[in-house]
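[1] take this sequence and fold it.
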Amino acid sequence: MSEARVLVVDDKENMRKLLQKILVDGYAVDTAEDGARALSLVATRPYDVVVTDIKMPGADGFELLGAVKAHAPDTEVVMMTGYATVSDAVRAMKEGAFDYLEKPFDPDAALAVVARAAERKRLADAARAAAAPGAVAGFHNLVGGSASMRAVYALLEKAAGLDITVLLLGETGTGKELAARAIHYHSARRERHFVPVNCGALPADLVESELFGHARGAFTGAAGAKLGLFEEAEGGTIFLDEVGELPLPAQVKLNRALQEREIRRVGDTHPVKIDVRVIAATHRDLREEVKAGRFREDLFYRLNVFPVILPALRERAEDIPLLAAHFLEKHAHALRRELAGVEPEALERLAGYAWPGNVRELENAVERAVAVAAGPQVGVQDLPPEVAAAPAAAPEPAALAKLPYREAVEQARDRISREYLVALLAEFGGNVTRAAERAGMERESLHRLLRKYGLRSDDFK
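    Residues are numbered from 1 along each chain as shown. Next up, the predicted model:
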């Protein structure tokens, strides 16, 4: 990430030098000795943050604030003065200042304010880039430009051209069905059917009939023969979502279908040859399921020919502005709403939330915000309560190093705690009792932590 660019404006040379010293690591700093010089610099150079004194000869800090907001609305302005009054503070915030420093200030406190202002500017830049026409980075209907997602796109494109069995892995809501469709529609089978199957939703006593079909009279109620989903997908792709939920008898038949490239309808004695690409997906750890005796080892190895892991949203937080802009446009169009985008503070909350439900939860949150937004942009008040209550996004390591030690440790601790709780609940499917046992704490203590970090066990079930 490139250095944030900061303009320091003060008529006192010692103050300009002090701020240059405070910001020497991680920031590109320009200085100006008065408002007139600052106005000239702002008109010709882009800045992420302007730190300006209020009381200066010539153009004062409020004039500079107005000029900056007129020329570059996303540039954050921090006001400072040795003659602080409540009215100055109120006026500065009303006119768009990010924050207010009273001289003499603590260097660590000043550094922390500039770091937060620079982070907000970074998020605003990301949101603007995401909203630009043609700016959505992705593959097929998957959205995201992070390094981890670009690696996924490369694997999906390769899988599309190989016509082999693919196993998609990742938490619930990471976009496994979108990935499966991307493979199908970029493959030579794109003109034939794509048949999605939620294995976890199939009734246990009808799984084999649904997948492989049945002959007339195969069981009570089978008044006629029926083609199964494998035959429906002939020549195309069958997507077996949540394949880890299949009962063992159906796993035996699926393994044979993959091995022999043929299926046998329930109650029939003749096999039927099939030409179907199989893409399977699960949020479970199939190796652990094999160890526990809930999933056949031979089937696991037949499915695990070309594994692709879709990252959790918290692992690619840099994609959140892009995704939020994409979903805002999608749902604003569907609901016939005209919205200009997401306010910076709301974007900070989106970036700081843990998203246990991943991209699916983010889309639901944005859809809800679009529906209830009363202003020209989505604000914090429009977000679901648990998202609105989330802390602002933790700074990246370089930004973290600019904070006072205690504040940096506190932010890092909160982020690690939230990530630990998300991983813990994901492992136990939202079962708080089992999660508390693993964490070595009382159930009520875990509940208190979940409330603190805005997490709900139901989101993991």
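[2] please report phi then psi for residue 276.
    Taking degrees, to the nearest 10, you get phi -140, psi 130 for the backbone angles of residue 276.
[3] residue contacts, the closest residue to it other than its chain neighbours?
    In this structure, residue 276 finds its nearest non-sequential neighbour in residue 233, 4.9 Å apart by CB to CB, 6 or more residues apart in numbering. Quick note: C-beta positions are derived from backbone N, CA and C, even for glycine. Residue 233 makes contact with 192-195, 276 under the criterion CB atoms under 8 Å, 6 or more residues apart in numbering.
[4] how close does residue 233 get to residue 263?
    Residue 233 sits 11 Å away from residue 263, going by CB to CB, to the nearest Å.
[5] again, but for residue 98
    Look at residue 98 and residue 263: by CB to CB, they are 63 Å apart.
[6] residue 338 touches residue 332, doesn't it?
    Yes: using CB atoms under 8 Å, residue 338 makes contact with residue 332 at a distance of 6.9 Å.
[7] so the two - more neighbours on which side?
    More neighbours surround residue 332 than the other of residue 338 and residue 332, with 20 against 7 (other CB atoms under 10 Å).
[8] wait, the more buried one sits on residue 370?
    Yes: with contact defined as CB under 8 Å, residue 332 counts as touching residue 370 (5.3 Å).
[9] shared neighbours, these two?
    When contacts are counted by CB under 8 Å, 6+ apart, the set common to residue 332 and residue 370 consists of residue 339.
[10] mind giving me the domain split of this protein?
    Domain segmentation of the chain under automatic domain parsing yields 4-105, 147-309, 318-388, 404-460.
[11] need those domains in TSV (columns: distance to residue 140).
    Formatted as TSV, the domains of the chain follow (distance: least, CB to CB, whole Å):
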stretch	distance to residue 140
domain 4-105	31
domain 147-309	4
domain 318-388	13
domain 404-460	26
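[12] these: lowest mean pLDDT?
    Confidence, taken as mean pLDDT, is least for domain 404-460 of the domains of the chain (a mean of 77).
[13] please name the residues that touch the residue nearest the centre of the chain.
    In the chain, the centroid-proximal residue (CA atoms, centre = their mean) is residue 313; its distance is 3.5 Å. Residue 313 sits next to 173-174, 319-320, 323, 355, 358-359, 361-362 when contact means CB under 8 Å, 6+ apart.
[14] now, of those, which are buried?
    173-174, 319-320, 323, 355, 358-359, 361-362 (16 or more other CB atoms under 10 Å).
[15] residue 77 sits in which helix or strand?
    strand 76-81 (DSSP states H and E).
[16] residue 279 now?
    Using DSSP H and E, residue 279 falls in strand 277-282.
[17] tell me which strands and helices that strand is in contact with?
    The contact analysis (3 or more CB pairs under 8 Å, 6 or more residues apart in numbering; DSSP states H and E) places strand 277-282 against strand 166-169, helix 176-185, strand 237-241.
[18] what score does residue 400 have for pLDDT?
    Looking at residue 400, its pLDDT is 54.
[19] nearest spatial neighbour of residue 342, skipping sequence neighbours?
    residue 378 (4.6 Å).
[20] surely residue 345 is in contact with residue 381?
    No: Residue 345 is beyond contact range of residue 381, at 10.0 Å (criterion: CB under 8 Å).
[21] how many other residues sit next to the closest residue to residue 264 other than its chain neighbours?
    Spatial nearest neighbour of residue 264, chain neighbours left out: residue 271 (5.0 Å); criterion: CB to CB, 6+ apart. Residues within reach of residue 271, counting by other CB under 10 Å, total 14.
[22] how about the contacts made by residue 271?
    260, 262-264.
[23] from the chain's centroid, how far away is stretch 279-295?
    Its chain's C-alpha centre and that of stretch 279-295 lie 25 Å apart, by CA atoms, centre = their mean, to the nearest Å.
[24] likewise stretch 275-294?
    25 Å.
[25] try stretch 146-154
    The answer for stretch 146-154 is 14 Å, by CA atoms, centre = their mean.
[26] then stretch 361-375?
    Using CA atoms, centre = their mean, the offset of stretch 361-375 from its chain centre is 15 Å.
[27] would you map the strands across the stretch 151-300 of the chain?
    Assigned by DSSP state E, counting those that start in this stretch, the stretch 151-300 of the chain shows strands spanning 166-169, 194-198, 237-241, 262-263, 272-273, 277-282.
[28] how about those in JSON lines, adding distance to residue 211?
    Formatted as JSON lines, the strands of the stretch 151-300 of the chain follow (distance: least, CB to CB, whole Å):
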{"stretch": "strand 166-169", "distance to residue 211": "17"}
{"stretch": "strand 194-198", "distance to residue 211": "7"}
{"stretch": "strand 237-241", "distance to residue 211": "8"}
{"stretch": "strand 262-263", "distance to residue 211": "8"}
{"stretch": "strand 272-273", "distance to residue 211": "12"}
{"stretch": "strand 277-282", "distance to residue 211": "11"}
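[29] okay, the ones you listed in JSON lines with mean neighbour count next?
    Converted to JSON lines, these look like this (neighbours: other CB atoms under 10 Å):
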{"stretch": "strand 166-169", "mean neighbour count": "24"}
{"stretch": "strand 194-198", "mean neighbour count": "18"}
{"stretch": "strand 237-241", "mean neighbour count": "25"}
{"stretch": "strand 262-263", "mean neighbour count": "18"}
{"stretch": "strand 272-273", "mean neighbour count": "13"}
{"stretch": "strand 277-282", "mean neighbour count": "26"}
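[30] quick one, longest helix in the protein?
    Taking DSSP state H as the criterion, the chain has its longest helix at helix 107-131.
[31] what is that helix packed up against?
    Counting contacts by 3+ CB pairs under 8 Å, 6+ apart, helix 107-131 is packed against strand 4-9, helix 13-22, strand 49-53, strand 76-81, strand 99-102, helix 320-335, helix 344-352, helix 397-400.
[32] okay, now the sheet partners of the first one, with direction.
    Right, strand 4-9. Using DSSP bridges, strand 4-9 pairs in its sheet with strand 27-32 (parallel), strand 49-53 (parallel).
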